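Trainee: Got a predicted model here, sequence first, then my questions.
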Amino acid sequence: MTTMIEAEGLSKAFRIAKRRPGLLGGIRSIVDPEVRTVAAVQDLTLQVQQGEMIGLVGPNGAGKSTTIKMLTGILMPSAGRLRVAGLLPIRQRRELAGCIGVVFGQRTQLWWDLPLRDSLQLLRHLYRVPEQRHQQNLNHLRKMLDLDEFIDTPVRQLSLGQRMRGDLVAALLHEPALLYLDEPTIGLDVVAKARIREFLLSLNAERGTTVLITTHDMDDIETLCPRMLIVDHGRKLYDGTVDAIRERFGGQRILVAVLEPSEVATLAKLPRDEAGLPVLTDLPADVYVQKLEGPRLELRFGGAAPPAHELVAWLGARYRLRDVTFMEPEIEDVIRRIYEKNLLLAEDNIAV
Ligand SMILES: Nc1ncnc2c1ncn2[C@@H]1O[C@H](COP(=O)(O)OP(=O)(O)OP(=O)(O)O)[C@@H](O)[C@H]1O
């Protein structure tokens with residue numbers, strides 16, 4: 001298997017001149033600048049194999065864009081070793097440009113005043129893609145992303161979702177092996193988001209394109225990325241599967257049982273607690289009644305509760321059940337808890 005990204009001890013520090021307050025302070029800052037160092041990325045070690053889809057997640061200022069800029073050869077690392085598609089990003093930037101595609105959700109690489117078709121044609125010359133290959137790629141991608149209805153429209157008149165589809169095609173015309181996406185679904189409605197995600201999944205399946213996505217939208221991660229990297233203050237806090245992090249920090253899960261209608265009367269006879277919820281005696285450890293609405297009973301349970309199948313058996317022995325489902329904690333909530341409570345740092349668990 002080919003390694004697409006190989007970083008070891010990758011770091012980037014910015015030196016920022018601090019401006020003193022007031023006019024005199026301003027003049028002094030010019031003559032005698034006070035410099036502060038910001039460690040934007042610290043000691044990042046990472047390996048990404050060809051064909052992986054990996055999400056880069058972190059709060060504002062965590063170092064995601066700086067990481068991507070180093071991976072694309074725009075920024076020179078302060079320390080560490082880095083290879084992307086087997087190349088040294090700064091030294092072999094031109095060759096690297098042929099292997100990577102980049103899409104920034106908040107910016108476009110298309111020409112505002114030109115119809116999308118002309119922008120795509122210009123990019124062919126920029127990347128020096130042979131005419132025939134360009135046509136083949138364009139035909140294929142425009143079908144996948146349904147560009148035909150707006151390919152002759154000037155870019156400035158496109159909706160955000162249409163422009164994003166155009167930008168994706170622009171980034172992929174030279175068939176890069178690696179695609180960086182920075183907030184690819186930002187500002188899009190649910191339908192447009194779903195369309196972009198579907199496209200990326202097909203692209204990855206068809207071409208084996210490696211995709212690295214930075215996003216604040218956890219649905220992007222859940223839909224697209226089996227692997228997730230969490231960074232904060234420039235440091236890697238977690239590198240692993242989305243499922244594993246949910247399992248570890250997800251907190252409580254919910255069992256939703258729909259009882260047979262005849263059981264509603266039985267439940268109605270039970271004593272109630274101060275929140276008005278039925279008091280079920282002999283509830284297993286770490287299991288709580290969360291809600292009762294008609295025949296729908298929700299039980300909340302934590303890590304110390306019996307396994308899910310035992311819980312269902314316990315409930316089934318007491319009530320006639322029509323249906324049982326489990327609700328997983330939203331990954332969005334899990335990540336928020338991790339940031340708020342510094343859970344990963346508290347565990348001192350800098351994952352591999
Ligand atoms: N060119 C620069 N000069 C000085 N400091 C910078 C520069 N670029 C980034 N930084 C600082 O480096 C840190 C990491 O910034 P970066 O843009 O990589 O974060 P991010 O995770 O992409 O944030 P966001 O989610 O807001 O885009 C921040 O403290 C930022 O202020």
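Mentor: Cool, got the structure.
Trainee: alpha carbons only for contacts and neighbour counts from here, please
Mentor: Will do.
Trainee: Could you tell me which residues of the protein lie near the ligand?
Mentor: Residues of the chain lying close to the ligand (CA under 6 Å from any ligand atom) are Phe14, Ile16, Ala40, Gly58, Pro59, Asn60, Gly61, Ala62, Gly63, Lys64, Ser65, Thr66.
Trainee: Filter those residues down to the ones in strands?
Mentor: Phe14, Ile16, Ala40 (DSSP state E).
Trainee: so what's Met4 closest to, chain neighbours aside?
Mentor: Once flanking residues are discounted, Met4 sits nearest to Ala85: 4.6 Å by CA to CA, 6 or more residues apart in numbering.
Trainee: Spell out which residues make up each domain of the chain.
Mentor: 51-247, 252-327 (automatic domain parsing).
Trainee: Just say helix, strand or coil for His9.
Mentor: Actually, residue 9 is Gly. It isn't His. Counting by DSSP: H, G, I helix; E, B strand; the rest coil, the backbone at Gly9 sits in strand.
Trainee: re the thing from before, kindly supply the ChimeraX command isolating those of the residues of the chain next to the ligand that are buried.
Mentor: To isolate the buried members of these in ChimeraX, using 16 or more other CA atoms under 10 Å:
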select :40,58,62,63,64,65,66
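Trainee: could I get the residues of the chain next to the ligand as CSV with pLDDT and distance to Leu270?
Mentor: Formatted as CSV, these follow (pLDDT from 0 to 100; distance: CA to CA, whole Å):
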residue, pLDDT, distance to Leu270
Phe14, 95, 64
Ile16, 86, 66
Ala40, 96, 58
Gly58, 89, 47
Pro59, 87, 46
Asn60, 88, 49
Gly61, 90, 52
Ala62, 91, 51
Gly63, 94, 54
Lys64, 93, 53
Ser65, 91, 56
Thr66, 94, 59
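Trainee: Which two of the residues of the chain next to the ligand have the greatest separation?
Mentor: Within these, Ile16 and Gly58 form the most distant pair, 22.3 Å apart (CA to CA).
Trainee: quick one: furthest residue from the center of this protein?
Mentor: Going by CA atoms, centre = their mean, the residue of the chain most distant from its centre is Lys269, 47.4 Å out.
Trainee: So what touches the host helix or strand of Lys12?
Mentor: Taking DSSP states H and E as the criterion, Lys12 maps to strand 3-18. The contact list for strand 3-18 (CA atoms under 8 Å, 6 or more residues apart in numbering) reads 29, 33-50, 66, 76-86, 178, 210.
Trainee: about what we covered before: deepest of the domains of the chain, which one?
Mentor: Ranked by mean neighbour count under mean count of other CA atoms under 10 Å, the domains of the chain are led by domain 51-247, which reaches a mean of 18.
Trainee: Between the two ends of that domain, what distance do you get?
Mentor: With CA to CA, to the nearest Å as the measure, domain 51-247 spans 25 Å from end to end.
Trainee: Relative to the whole chain's centre, how far out is that domain?
Mentor: Centroid separation for domain 51-247 versus its chain: 12 Å, with CA atoms, centre = their mean, to the nearest Å.
Trainee: now swap in stretch 22-36 and tell me
Mentor: Distance of stretch 22-36 from the chain centroid (CA atoms, centre = their mean) equals 40 Å.
Trainee: For Asp219, which three-state class applies?
Mentor: The assignment at Asp219 comes out as helix when based on three-state DSSP.
Trainee: and Gln5, bridged to which residues?
Mentor: Actually, residue 5 is Ile. It isn't Gln. Beta-bridge pairing of Ile5 under DSSP bridges involves Val48, Val84.
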